[in-house]
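**Q** Sequence plus predicted model, see below.
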Amino acid sequence: MESVMLDAVDRTLIHALELDGRAPFSRIAEVLGTSESTVARRYRRLRLKGQCRIVGVPDVRRTGQPTWLIRVRCSPGAADRIGRALADAPGAAWVQAVSATTEVWCSIRSSPGDRHNLALMRRLGHAPGVAAVDAAQILRVVVGGPTSFSIASLPSGAAPLTAAQQDRLVDRTYGPPWTSPPPPAAIDEPLLAALAIDGRTSYADLARTCSVSETAVRRRLEALRRAGVVFFEQETDFTALGLETTAMLWITARPSRVRAIADALAAHPAVGFAAVTTGRTNLAAHVLCSDVDALHTFVVDDLGQLDGVERVDAVPVAATFKREGTVARGHRGA
């Protein structure tokens, strides 16, 4: 589907949903100074076109669930098959082909019974077309999750909300300091699975999915949000924001400078995700740029000039097989 640039109203709505993905349309409309029907219609249109989507995501920093970044180097022509297979793997959150489809990277949350993804690694090691596999565990997320990329950080006409409008939308019930995570419940698995597909699913529909009362599902979701176990992420079609070039960066830094470089990544508006990792490199970042020249500027001028950066392996994204919660088969670009 051809991407259409978002107008100022769309961008303001997206910013509102970044602040609270489950905020009632009536409250968003009041803050934006428009009608509830306009907000609902705009959101439905954006979601139908794949330009805006709300997903419920477990925060592994609260659950203690190990998360891994896996790089699979492929023979020519094998990336599509490998990417689709990884998209179907349990726990896979993001799967993208990079480097002109000679490599696939994947973010995957481990299952309690296989914290090191040994079963997946064995399958990959024997899969046709796989030349090499690298795995790195995320030690600390510095950009991402509740602190992910914001449309308000864009320099060109992002139409962000004012500070007063933001204050009216942010529900501080769900921010730190969090309560202790509640014990796991049988309702959690179907509840989180449904929210991963559509974070704005109504309580009535969630109750039917989980085979419990609407009151029970509302209480459970409120408890999970108050504890920081689940948050709501707003996914945007970056090409509709004028960001035509995205890339994964694998960064090798001197150990003594990792914290400072991570802080620099966290402060840069082009960085949508960044983490400190184990493995051959010790930092990973996903960056969003207007074009290849902007990517060059980021790598050479912004990142390359930081003290302690020893090597940067920048690999442009060629195709996306899966985003959080949804398999995006055949989707090209970011």
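**A** Arrived safely.
**Q** CA atoms for contacts and neighbours, from now on please.
**A** Will do.
**Q** For the chain, name the helix or strand with the lowest mean pLDDT.
**A** Sorting the helices and strands of the chain by mean pLDDT, DSSP states H and E puts strand 326-332 at the bottom, at a mean of 51.
**Q** what about Lys49, how many neighbours?
**A** 15 (other C-alpha atoms under 10 Å).
**Q** What distance do you get for it to Ala8?
**A** Distance, Lys49 to Ala8, by C-alpha to C-alpha, to the nearest Å: 17 Å.
**Q** For the stretch 201-334 of the chain, which residues score under the pLDDT cut-off?
**A** By pLDDT under 70, the low-scoring segments of the stretch 201-334 of the chain are 325-334.
**Q** Which parts of it are helices?
**A** Under the criterion DSSP state H, counting those that start in this stretch, the stretch 201-334 of the chain contains helices at 203-210, 214-226, 258-267, 292-296.
**Q** Now the helix or strand hosting Gly56 - C-alpha only, CSV.
**A** Taking DSSP states H and E as the definition, Gly56 sits inside strand 52-58. Extracted in CSV, the C-alpha atoms of strand 52-58 (Å, rounded to 0.1, in the frame of the first residue of the first chain):
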residue,chain,number,x,y,z
CYS,A,52,-0.8,3.9,13.2
ARG,A,53,-1.4,0.9,15.6
ILE,A,54,-1.6,0.5,19.3
VAL,A,55,-0.2,-2.7,20.8
GLY,A,56,0.1,-4.0,24.4
VAL,A,57,3.6,-5.0,25.2
PRO,A,58,5.1,-6.8,28.3
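**Q** Can you tell me which helices and strands that strand packs against?
**A** Applying 3 or more C-alpha pairs under 8 Å, 6 or more residues apart in numbering; DSSP states H and E, we find strand 52-58 packed against helix 36-48, helix 188-197, strand 230-236.
**Q** Recalculate using a threshold of 6 Å.
**A** Using 3 or more C-alpha pairs under 6 Å, 6 or more residues apart in numbering; DSSP states H and E as the contact test, the elements touching strand 52-58 are helix 188-197, strand 230-236.
**Q** Show me which positions of the helix or strand following it end up buried.
**A** Note on strand 52-58: by DSSP H and E, the next helix or strand toward the C-terminus is helix 60-63. Neighbour-count burial for helix 60-63, counted by 16 or more other C-alpha atoms under 10 Å, picks out Val60.
**Q** next one: stretch 206-214
**A** Going by neighbour count (16+ other C-alpha under 10 Å), the buried part of stretch 206-214 is 206-207, 210, 214.
**Q** which one of those residues is nearest Ala266?
**A** Checking the buried residues of stretch 206-214 against Ala266 by C-alpha to C-alpha gives Leu206 as the nearest, at 34.7 Å.
**Q** Tell me who's in contact with the residue lying closest to Glu214 once chain neighbours are set aside.
**A** The shortest distance from Glu214 to any non-neighbouring residue, by C-alpha to C-alpha, 6 or more residues apart in numbering, is to Ala207 (5.0 Å). Ala207 sits next to 213-214, 217 when contact means C-alpha atoms under 6 Å, 6 or more residues apart in numbering.
**Q** quick revisit: how far does the strand holding Gly56 sit from the chain's center?
**A** 8 Å (C-alpha atoms, centre = their mean, to the nearest Å).
**Q** Quick check: neighbours of that strand in the sheet, parallel or antiparallel?
**A** If you go by DSSP bridges, strand 52-58 pairs up with strand 230-236 (antiparallel).
**Q** Report the backbone C-alpha coordinates of the partner strand in PDB.
**A** C-alpha atoms of strand 230-236 as PDB (Å, rounded to 0.1, in the frame of the first residue of the first chain):
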ATOM      1  CA  VAL A 230       2.400  -4.100  30.400                       C
ATOM      2  CA  PHE A 231       2.500  -0.800  28.500                       C
ATOM      3  CA  PHE A 232       1.000   0.400  25.300                       C
ATOM      4  CA  GLU A 233       3.200   1.300  22.400                       C
ATOM      5  CA  GLN A 234       2.100   3.300  19.400                       C
ATOM      6  CA  GLU A 235       3.600   2.000  16.100                       C
ATOM      7  CA  THR A 236       3.800   4.500  13.200                       C
END
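**Q** From the rest of the structure, what touches it?
**A** In contact with strand 230-236 (C-alpha under 6 Å, 6+ apart) are residues 18, 21, 51-59, 224.
**Q** Mind picking the two most distant members of these?
**A** Longest distance between any two of the contacts of strand 230-236 is 27.3 Å, between Gln51 and Leu224; criterion C-alpha to C-alpha.
**Q** show me where the stretch 51-200 of the chain has helices.
**A** For the stretch 51-200 of the chain, the helices defined by DSSP H, counting those that start in this stretch cover 60-63, 79-87, 118-126, 163-169, 188-197.
**Q** can you tell me which of those helices comes nearest to Ser37?
**A** Taking C-alpha to C-alpha, helix 163-169 is the member of the helices of the stretch 51-200 of the chain nearest to Ser37, at 18.1 Å.
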